[in-house]
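> Sequence plus predicted model, see below.
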Amino acid sequence: MDTLRMAAILTMTSFFGFECLVWSVEDKKGGTPAKDADTNTADEKAIRALIAQLSDDAFVKREAAQKRLAEIGGLALELLKKAAKESPDAETRERATQLIELIQESGLHVVLVDFYHDFRKNGYPLDKFRPDGPNAAKWIKSEPEGLRITIPADKAASPPAAGVATAFKIKGDFEITVGYQILSTDPPQTGYGMGLEVYLMTDSRTKEAIAFDRRTLPGGSDVYACSRNTTDAQGQRQYAGQGDRPAKGAAGRIRITRIGSKAVFAVEDELSKGFRVIYRVGLGMEDLTLLRFSANPGRGLIAVDLRVHDLRVRCADADALTSIGGAN
């Protein structure tokens, strides 16, 4: 293990108190530390040459260049964005656009921080998480099956979402995965749907944010919902819904990947195999100052009951996670 890698491990372990953070340079295909950090990388000159080859007269060369750029992944992203916008060649613009979407949806290609917390085994440590929302501390309970969040029926009509937030902010490109289980069985009779909400807000003047929900609607339908939130010139919060998508099963995982300024939302239902992308939403590149997972009553008149099983945060920057202090 080299000196830089060891220093990173020691710094983060000391900062968060116990060994749930692992620093590594990770091979995307194998998921293990790469033996040669240059195996799947290329310098700027090589990337530019491959992008130029996207307009080659020979189809086989265009295909080979696109395949190699996909393998390079995130390192080629900025130059591909430039090509997609500025290239005079239509096929280059089209292929670059395809590659940008592929790279953004394939997750991080280089991982320098891997934070993992299992609420089923390690409870709810206050140095890593904090209550967030009205009365949140009263409605959170550590159980062997996970972190349980329950909003009673007589409180569900008025409060916003309540749950836990991380006690650290997140910088740069990231991949966030949350495992959950909805325990509520009866659908609400009123409101816009109750269930789990994952909420992200950036360190931006207009408080750019995305709310991602797994909801049960009045009538019993299970859906995913996404809202892109901002603040207008008059200081009023604005909410842009992205449309509902069908959900299956009461448990699953949610994965949010940001590479550059776009956030890609993917889900894995308990009855499915593998993640499927359901939303692509611009978020900006500012630090993430709020990551909250909570029970959201959706202004219904029914109890909301769920568990969060675990949380994984993987980052591309070595200094991606920094403390934002205690509860507030």
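Everything's here; your move. Since the structure is predicted, the reported quantities are computational estimates derived from the model, not experimental observations.
> what about the residue most central in space within the chain, which helix or strand?
Geometric centre of the chain, nearest residue: residue 256, 2.3 Å, by Cα atoms, centre = their mean. If you go by DSSP states H and E, residue 256 is part of strand 251-259.
> what lines up beside that strand in the sheet?
Here strand 251-259 is paired, per DSSP bridges, with strand 174-182 (antiparallel), strand 262-269 (antiparallel).
> Contacts only, for the residue nearest to the centre of the chain.
When contacts are counted by Cβ atoms under 8 Å, 6 or more residues apart in numbering, residue 256 touches 174, 175, 176, 177, 198, 200, 212, 263, 264, 265, 266. Just so you know, the C-beta spots here come from the backbone N, C-alpha and C atoms, and that holds for glycine as well.
> number of nearby residues for the last one?
Read that as residue 266. Using other Cβ atoms under 10 Å as the criterion, residue 266 is surrounded by 20 other residues.
> what does the fifth one give?
Residue 198: 25 surrounding residues under other Cβ under 10 Å.
> Let me see the contact set for residue 96.
With Cβ under 8 Å, 6+ apart, residue 96 has these contacts: 51, 54, 80, 81, 83, 84, 87.
> how about the first one, phi and psi?
Geometry field for residue 51 lists phi and psi as phi -60, psi -40, criterion degrees, to the nearest 10.
> you'd agree it is up against residue 77?
No: with contact defined as Cβ atoms under 8 Å, residue 51 does not reach residue 77; the gap is 11.6 Å.
> What average pLDDT does the longest helix along the chain get?
Using DSSP state H to define each element, the chain has its longest helix at helix 90-105. Mean pLDDT, helix 90-105: 87.
> ok so, going back, what are the buried residues along the strand holding residue 256?
Within strand 251-259, the residues that count as buried by 16 or more other Cβ atoms under 10 Å are 251, 252, 253, 254, 255, 256, 257, 258, 259.
> Regarding this structure, what is its longest strand?
In the chain, with assignment by DSSP state E, the single longest strand is strand 304-315.
> Sheet partners, orientation included, of that strand?
strand 113-118 (antiparallel), strand 146-151 (antiparallel), strand 174-182 (antiparallel).
> Deepest-packed of the ones you listed, please.
Mean neighbour count (mean count of other Cβ atoms under 10 Å) peaks for strand 146-151 among the strands paired with strand 304-315, with a mean of 23.
> Show residues contacting that strand.
119-120, 124, 139-142, 159, 162-164, 181, 183, 294-295, 297, 303-310.
> repeat for stretch 79-91
Against stretch 79-91 from outside (Cβ under 8 Å, 6+ apart): 44, 47-48, 51, 54-55, 62, 69, 92-93, 96-97, 99-100, 103, 260.
> which of those count as buried?
Among the contacts of stretch 79-91, those scoring as buried are 47, 51, 54-55, 62, 69, 92-93, 96, 99-100, 103, 260 (criterion: 16+ other Cβ under 10 Å).
> now those in a markdown table, with distance to residue 128?
As requested, those are arranged in a markdown table below (distance: Cβ to Cβ, whole Å):
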| residue | distance to residue 128 |
| --- | --- |
| 47 | 38 |
| 51 | 42 |
| 54 | 44 |
| 55 | 49 |
| 62 | 48 |
| 69 | 38 |
| 92 | 45 |
| 93 | 44 |
| 96 | 40 |
| 99 | 36 |
| 100 | 34 |
| 103 | 30 |
| 260 | 27 |
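> of all those residues, which comes closest to residue 111?
The closest of the buried ones among the contacts of stretch 79-91 to residue 111 turns out to be residue 103 (Cβ to Cβ; 14.8 Å).
> Touching, that closest one and residue 71? I think so.
No: counting by Cβ under 8 Å, residue 103 stays clear of residue 71, with 10.2 Å between them.
> hang on, the earlier thing: what about the strands paired with strand 304-315, which gets the closest to residue 288?
Short answer: strand 174-182, nearest of the strands paired with strand 304-315 by Cβ to Cβ, at 7.1 Å.
> Which strands or helices does the following helix or strand past that closest one pack on?
Remark: after strand 174-182, the chain's next helix or strand is strand 194-202, criterion DSSP H and E. In this structure, strand 194-202 packs against strand 174-182, strand 209-216, strand 251-259, strand 288-296, strand 304-315, with contacts taken as 3 or more Cβ pairs under 8 Å, 6 or more residues apart in numbering; DSSP states H and E.
> Please point out which parts of stretch 72-82 sit buried.
Within stretch 72-82, the residues scored as buried using 16+ other Cβ under 10 Å are 72, 73, 74, 75, 76, 77, 79, 80, 81.
> before we move on, back to that, give the buried subset of the contacts of strand 146-151 as a ChimeraX selection command.
Only the buried entries of those go into this ChimeraX selection, using 16+ other Cβ under 10 Å:
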select :119,120,124,139,140,159,162,163,164,181,183,294,295,297,303,304,305,306,307,308,309,310
